[in-house]
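**Q** Got a predicted structure here, sequence first:
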Amino acid sequence: MTTPPLISRLDLNLIVALDALLTERNVTRAAESLGLSQPALSASLAKLRRHFNDPLLVRTGNSSELTPLAQRLAAHVPAALDSFRRIFESQAEWTPETSQREFRIYGSDYAFATVGRLASRIAHRSAPGVKFRFELHTPSIVEDSAQLRASDGILIPHGHLDDLRHTDLWTDGWVVLADAAHPTIHGSVTLDDLRDNLWVFTYQSRSAFTSANKQLEAMGVEPRVDTVVASFLALPHFIRGTTRLGMIQAGIVGEAGRLDGLQTLRPPFDAAPVANALWWHPIHANDPEHEWMRSIFAQAGQELGTAVGA
């Protein structure tokens with residue numbers, strides 16, 4: 001039986017090299033991304049191969065492919081590297097004015113165009129060195145919230161998560177979109193219109209859905225969906241010039257901006273409001289930097305709520 005090497009004997013810098021190699025799948029490009037020479041990174045790759053007893057990168061024609069083990073590692077290394085960074089970037093006394101921390105937030109383009117955009121502006125006023133990395137969420141992240149241990153949170157309405165802590169932000173409404181020249185819809189829309197026309201949905205899966213679309217189904221209105229696009233901001237482009245209908249949050253009507261040629265209509269039913277929140281893993285509960293970040297999003301949500309109610 002082979003005894004695994006003690007972590008105290010490992011060069012933890014190798015995880016940085018491993019992340020670059022798994023991402024680039026090329027020693028030369030990985031070295032360039034790290035600002036290292038090719039021989040230096042080749043030496044790191046040799047150490048990694050000895051440690052894992054696996055080649056990790058296999059030459060195939062003019063390119064390299066990840067081995068099965070490397071593919072499994074690729075799913076865990078980014079989170080591990082991010083955890084190391086958080087540990088060693090932590091400070092006993094932290095002030096936002098001098099912080100260089102990067103906060104990683106998952107969400108939809110709707111969340112980024114509304115509260116994400118505003119939160120980053122508010123943060124910049126008092127903490128110009130703080131950075132945000134906004135990444136689109138995936139169904140797997142929503143279904144397995146344990147993945148959020150390696151991030152700072154996810155912007156998503158109530159109804160998708162229930163096992164994380166959260167900070168409520170603001171409540172939004174819904175509008176129906178139709179082409180301005182729609183042959184049967186002029187200035188208002190009925191339930192029959194919703195039944196009779198084709199639809200564009202933004203999401204349509206077990207964990208990826210909108211409350212308004214679920215509500216329609218519960219009412220017995222089965223939308224005839226012929227297009228699904230995982231983007232709220234892109235949805236208007238799939239309606240313009242067609243007889244399709246779609247629903248987006250009222251808060252991005254102005255942000256979508258390019259709504260020329262479209263009608264913005266009030267739903268013909270009492271659409272459940274969108275209760276937006278920032279969800280975060282309990283591991284961040286006592287982190288003063290994270291607490292500050294949460295307060296920034298809360299302030300942004302309050303400003304958005306005031307604007308919606310105005």
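**A** Arrived safely, thanks for sending.
**Q** Rounded mean pLDDT for the longest helix seen in the chain, please.
**A** Across the chain, the longest stretch assigned as helix under DSSP state H is helix 288-309. Averaged over helix 288-309, pLDDT sits at 89.
**Q** For that helix, enumerate the helices and strands it packs against.
**A** Judged by 3 or more C-beta pairs under 8 Å, 6 or more residues apart in numbering; DSSP states H and E, the packing partners of helix 288-309 are helix 117-126, strand 165-172, strand 274-280. Just so you know, the C-beta spots here come from the backbone N, C-alpha and C atoms, and that holds for glycine as well.
**Q** would you list the ones you listed in JSON lines and tack on distance to residue 111 and mean pLDDT?
**A** Formatted as JSON lines, the helices and strands packed on helix 288-309 follow (distance: least, C-beta to C-beta, whole Å; pLDDT from 0 to 100):
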{"stretch": "helix 117-126", "distance to residue 111": "9", "mean pLDDT": "95"}
{"stretch": "strand 165-172", "distance to residue 111": "9", "mean pLDDT": "94"}
{"stretch": "strand 274-280", "distance to residue 111": "7", "mean pLDDT": "94"}
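**Q** thinking again about what came up before, what residues does the longest helix of the chain touch?
**A** 90, 94, 96, 99, 101, 103, 114-115, 118-119, 122-123, 127, 152-153, 155, 167-173, 250-251, 276, 278, 280, 284 (C-beta atoms under 8 Å, 6 or more residues apart in numbering).
**Q** low pLDDT regions in the stretch 151-300 of the chain?
**A** Counting by pLDDT under 70, the stretch 151-300 of the chain has low-confidence residues at 204-209, 254-258.
**Q** Buried among the contacts of helix 288-309? Need that as a selection in PyMOL.
**A** Those of the contacts of helix 288-309 that count as buried under 16 or more other C-beta atoms under 10 Å are selected in PyMOL with:
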select buried, resi 96+99+101+103+114+115+118+119+123+127+152+153+155+167+169+170+171+172+250+251+276+278+280+284
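**Q** re the thing from before, flag every buried residue along the longest helix of the chain.
**A** By neighbour count on 16+ other C-beta under 10 Å, the buried set for helix 288-309 is 289-290, 292-294, 296-301, 303-305, 308.
**Q** before we move on, what about stretch 224-243?
**A** Within stretch 224-243, the residues scored as buried using 16+ other C-beta under 10 Å are 229, 230, 232, 233, 235, 236, 238, 239, 240, 242.
**Q** Just the C-alphas of that stretch, formatted as PDB.
**A** What follows is stretch 224-243, C-alpha atoms only, in PDB (Å, rounded to 0.1, in the frame of the first residue of the first chain):
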ATOM      1  CA  ARG A 224     -46.500  27.000 -26.200                       C
ATOM      2  CA  VAL A 225     -42.700  27.500 -25.900                       C
ATOM      3  CA  ASP A 226     -40.800  27.400 -29.200                       C
ATOM      4  CA  THR A 227     -37.600  29.200 -28.000                       C
ATOM      5  CA  VAL A 228     -35.600  29.000 -24.800                       C
ATOM      6  CA  VAL A 229     -32.800  31.500 -24.100                       C
ATOM      7  CA  ALA A 230     -30.800  31.600 -20.900                       C
ATOM      8  CA  SER A 231     -30.700  35.400 -20.900                       C
ATOM      9  CA  PHE A 232     -33.300  38.000 -19.800                       C
ATOM     10  CA  LEU A 233     -31.500  40.800 -21.600                       C
ATOM     11  CA  ALA A 234     -31.500  38.800 -24.900                       C
ATOM     12  CA  LEU A 235     -35.100  37.800 -24.700                       C
ATOM     13  CA  PRO A 236     -36.500  41.000 -26.400                       C
ATOM     14  CA  HIS A 237     -34.500  40.200 -29.500                       C
ATOM     15  CA  PHE A 238     -36.300  36.900 -29.900                       C
ATOM     16  CA  ILE A 239     -39.700  38.700 -29.800                       C
ATOM     17  CA  ARG A 240     -39.200  41.600 -32.100                       C
ATOM     18  CA  GLY A 241     -40.600  41.000 -35.600                       C
ATOM     19  CA  THR A 242     -42.500  37.800 -34.500                       C
ATOM     20  CA  THR A 243     -45.800  37.000 -32.900                       C
END
